[in-house]
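Peer 1: sequence first, predicted coordinates after that:
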Amino acid sequence: NVQLTRAIPPKGFSVLTCKMSGASVHKDEDCIKISVNRGIADVGHVLERYSCGERPKKGVIPFYERLKKVWSSCPNQSDFATYVPILEWLPGYQWRKWVIGDFVAGLSSGVLQIPLGLGFASLASLPPSYGVISGLFPAITYMIFGTCRHLAIGAFPVVYIMIGDVIDKFNTRYSGDISTVDLSTIDIEGEVAISAMLALMSGLFQLALRAMSFGNLMTLLSDAMIGGFSTGAAIHVVISQLKHVFGVTNKNVPGVGGKLQVLYNLYKSTPKINYCALVLSAISFVYLMINMYIIRPNLSKVTKFPFPGELILVIIMTSVSYGMNLHGVYGLHVVGFIQTGLPWPQVPPMKMVSEFIVDGLIISVVAYVISYSFAKTYGRNGHYKVDPNQEILALGVSNIFGSFFQCGPVCDVPARSLNMVAVGGKSQLSSVSCCGFLMMVVLYMAPLFQALPHSVVGVIVIVCLKGLLVQLLGVKQIWERNKVDGVVFVVTCVGVILLDIELGLLVGVIASVLSIVYRSVKPYSCTLSPIGGSIYLDTHYFKDMCPSGIKLFRYFGPIDFSTYSHYRSSFYRSIDLDPEVRRGSDDEDGVKDGGETQSVRVVIIDLGSVPAVDANGLVVLREIHEELAELGVQLLFSGVHGHLIHILDKLGSGLPGTKHFPTIEDAFSLAISIACVGGATVCSELEAPY
């Protein structure tokens, strides 16, 4: 019979932990007792009493039935809200609770967009105003189609560096003068035209990827890969901003090893450092650190409205630069002319669109990976769901809409999004106040920032990436937690830095997929130790209290063509048994006297953690059974559930005398009796832990 008697401790208290640490155990009245006394049940007994019969076989579905199924799955009027999420969340919007928080969050995000937009535009060699409006028009459409409540869409430095690389390649191809190329007949500057074309191409590719449900593939990208990519991309941006911090005029070098070349060129330019720019950079950095760690945290206790530290810095430095004529006296690089007014909507030039197809595809994937990785984090922290396929649709529509207003490709801006979360934003309705503020700046206030030093903008950009850069400090923790994740993080980060963003992303994806393959072909395995009741613990971490003559083996993965060799080696290594050695031994039992494996009589293979078994898995299980049978060892299967019952039925004719059990307790109860009959010394009763 199967006899189990043990007690479950109160919630939140581990009796096992108490006993191992020497603490007192709860009294019986504080525990819930479990008592089971029944006969041993094998799978055959369970099937005989509870089976619902054979599963109906799937027949061939006629073509017209499949067509009807596809047609019925197409979106109808009732599904329209799924593709336009604002129709779902706006009717349930809690105006009294959320509207003030969203209004303040939008204003705060808009204030931060000004220096960031001005700085990011310089990365792509675009006029400053186009970096600001990138957070205006695309944000309107994302508010309608997006599923992330806190994602602030706009210009992101990684994407704008890629835009700058495309413009540089186009410049080189046409002798450094885009203005000589007839991109279109409409009145758009060459760099802006290329940026708008890339936005349009990116949006179209993202819609195509949505049609292919590309978002489902995001499950292949681990958090370690995304962390390594974002960290490497942040380092990319920091390197690109160093020339502004030191006031030198080095050019960006795209391609493999480009950032190393940029650092080398910066080293050679040290005699040309503009010390006025360096002093302003140092002052700005110290001020932003004080604002981040002292001013803002203390003021947040007094008022919900965030202290606009970055905007105040911009105003002060612009005033100093203009009043002291730092550009004319010290040669300090400033933002320069900023166009006022909103761009008139126009179709992006399509004359040379074929030259930007590959670049548009790469940017579309990079922008989506960046946006969704951060959106998933915001959703996890905010306890709401972010749909990966809807996100790529929202991003595609936003890019297409923005391209008609000469905006470049956009994605999430982490600094603004995190600021919205900190301020208390609750929904995408915050985009209304953000867009309204940015529109006022572009229409009336843009010329006020013309004397803003590039060195100050560069420092603001670097400081805003602090949240990504500090991920480097967590590499050791990632490595200690899981070495595979640590390798993926480091390989992706180094790949992005050394090989450029596009190839680095590819390296990261490959590393992430290989980590999945590695874990799949080499799952964890262990032997189990019964400590009483129905508790079985991993002998790698707990004492082995299994009775002599019995071994319990558990494998945490599928047994298929990719793992059958690893399964076989793990099995024999775990139970300390080598069938080849035992066959070749002169002893009757196959080992020397006193050998540990001499007393093994029963082996239990627990299949409770095995999700699937294929034909190769059946072969290796049959081989193990035959080899153990030759050695006089009885094989039992436990945890046989669901589809494994039918799979092992197919194997049953090749496993005479094998028993299949639904639980370890049933198999273990029979194993004790078999081991006793075989002459092994076993415990008549295992000591319960409590």
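Peer 2: Sure, I can see it.

Peer 1: buried ones in stretch 273-283, by neighbour count?
Peer 2: In terms of neighbour count (16 or more other C-beta atoms under 10 Å), stretch 273-283 has its buried residues at 274, 276-277, 280-281, 283. Heads up, the C-betas are built off the backbone N, CA and C, glycines and all.

Peer 1: give the rounded mean pLDDT of it.
Peer 2: Summarised as a single mean, pLDDT over stretch 273-283 is 92.

Peer 1: over to stretch 260-270?
Peer 2: Regarding stretch 260-270, the rounded mean pLDDT is 88.

Peer 1: buried sites along that stretch?
Peer 2: In stretch 260-270, counting by 16+ other C-beta under 10 Å, buried: 261-262, 266.

Peer 1: do stretch 448-460 as well
Peer 2: Across stretch 448-460, burial judged by 16+ other C-beta under 10 Å covers 449-460.

Peer 1: tell me the SS of residue 605?
Peer 2: strand (DSSP: H, G, I helix; E, B strand; the rest coil).

Peer 1: that one: what's it in contact with?
Peer 2: 553, 555, 571, 621, 624, 635-638 (C-beta atoms under 8 Å, 6 or more residues apart in numbering).

Peer 1: still on that earlier bit, and which of the buried residues of stretch 260-270 is nearest residue 476?
Peer 2: residue 262 (27.9 Å; C-beta to C-beta).

Peer 1: now name the helix or strand holding that closest one.
Peer 2: helix 258-268 (DSSP states H and E).

Peer 1: for that helix, packing partners?
Peer 2: The contact analysis (3 or more C-beta pairs under 8 Å, 6 or more residues apart in numbering; DSSP states H and E) places helix 258-268 against helix 223-246, helix 483-499.

Peer 1: any idea which helix or strand comes after that helix?
Peer 2: From helix 258-268 onward toward the C-terminus, using DSSP H and E, the following helix or strand is helix 275-290.

Peer 1: tell me how far residue 458 lies from residue 335.
Peer 2: Distance, residue 458 to residue 335, by C-beta to C-beta, to the nearest Å: 11 Å.

Peer 1: repeat for residue 105
Peer 2: The gap separating residue 105 from residue 335 is 27 Å, by C-beta to C-beta.

Peer 1: same thing with residue 197?
Peer 2: The gap separating residue 197 from residue 335 is 25 Å, by C-beta to C-beta.

Peer 1: equivalent analysis for residue 275, please.
Peer 2: 20 Å.

Peer 1: packing partners for whichever helix in the chain runs longest?
Peer 2: Counting residues, the longest helix in the chain under DSSP state H turns out to be helix 95-123. Using 3+ C-beta pairs under 8 Å, 6+ apart, the elements in contact with helix 95-123 are helix 128-133, strand 153-154, helix 157-173, helix 223-246, helix 309-323, helix 414-423, helix 430-440, helix 454-464.

Peer 1: any idea how many residues pack against the closest residue to residue 458 other than its chain neighbours?
Peer 2: Leaving aside its chain neighbours, residue 458 sits nearest to residue 244 (3.4 Å; criterion: C-beta to C-beta, 6 or more residues apart in numbering). Neighbourhood size, residue 244 [other C-beta atoms under 10 Å]: 25.

Peer 1: and what of residue 340?
Peer 2: Residue 340 - counted by other C-beta under 10 Å - has 12 other residues nearby.

Peer 1: got the contact list for the residue nearest to it when sequence neighbours are not counted?
Peer 2: Excluding its sequence neighbours, the residue lying closest to residue 340 (C-beta to C-beta, 6+ apart) is residue 446, at 4.9 Å. By C-beta under 8 Å, 6+ apart, the contact set of residue 446 is 128-129, 132, 338-340.

Peer 1: between the residues you listed, which has the most around it?
Peer 2: Among those, residue 132 has the most neighbours (other C-beta under 10 Å), with 27 neighbours.

Peer 1: right, and it touches residue 441 too?
Peer 2: Yes. Judged on C-beta atoms under 8 Å, residue 132 makes contact with residue 441 at a distance of 6.6 Å.

Peer 1: now do the shared contacts for the two.
Peer 2: In contact with both residue 132 and residue 441: residue 114, using C-beta under 8 Å, 6+ apart.

Peer 1: residue nearest the centroid of this structure?
Peer 2: The geometric centre of the chain, computed from its C-alpha atoms, lies nearest to residue 223 (C-alpha atoms, centre = their mean), at 3.3 Å.

Peer 1: what about that residue, distance to residue 217?
Peer 2: 15 Å.

Peer 1: equivalent analysis for residue 245, please.
Peer 2: The spacing between residue 245 and residue 217, counted by C-beta to C-beta, is 38 Å.

Peer 1: would you map the strands across the chain?
Peer 2: For the chain, the strands defined by DSSP state E occupy 2-8, 32-38, 153-154, 411-412, 525-532, 535-538, 550-555, 602-606, 634-638, 659-660.

Peer 1: what pairs with the fifth one, parallel or antiparallel?
Peer 2: What it means is strand 525-532. strand 535-538 (antiparallel), strand 550-555 (antiparallel) (DSSP bridges).

Peer 1: quick check: residue 663 touching residue 636?
Peer 2: No. Between residue 663 and residue 636 there is no contact under C-beta under 8 Å: 11.5 Å.

Peer 1: pick out whichever of these two has more residues nearby.
Peer 2: Shown here are residue 663 and residue 636; by other C-beta under 10 Å, residue 636 has more neighbours (23 against 18).

Peer 1: residue contacts, that one?
Peer 2: 602-605, 658-661, 667, 670-671.

Peer 1: please name the residues that touch the closest residue in space to residue 664 that isn't next to it in sequence.
Peer 2: Excluding its sequence neighbours, the residue lying closest to residue 664 (C-beta to C-beta, 6+ apart) is residue 638, at 4.6 Å. Listed by C-beta under 8 Å, 6+ apart, the contact partners of residue 638 are 604-608, 661-664, 666-668.
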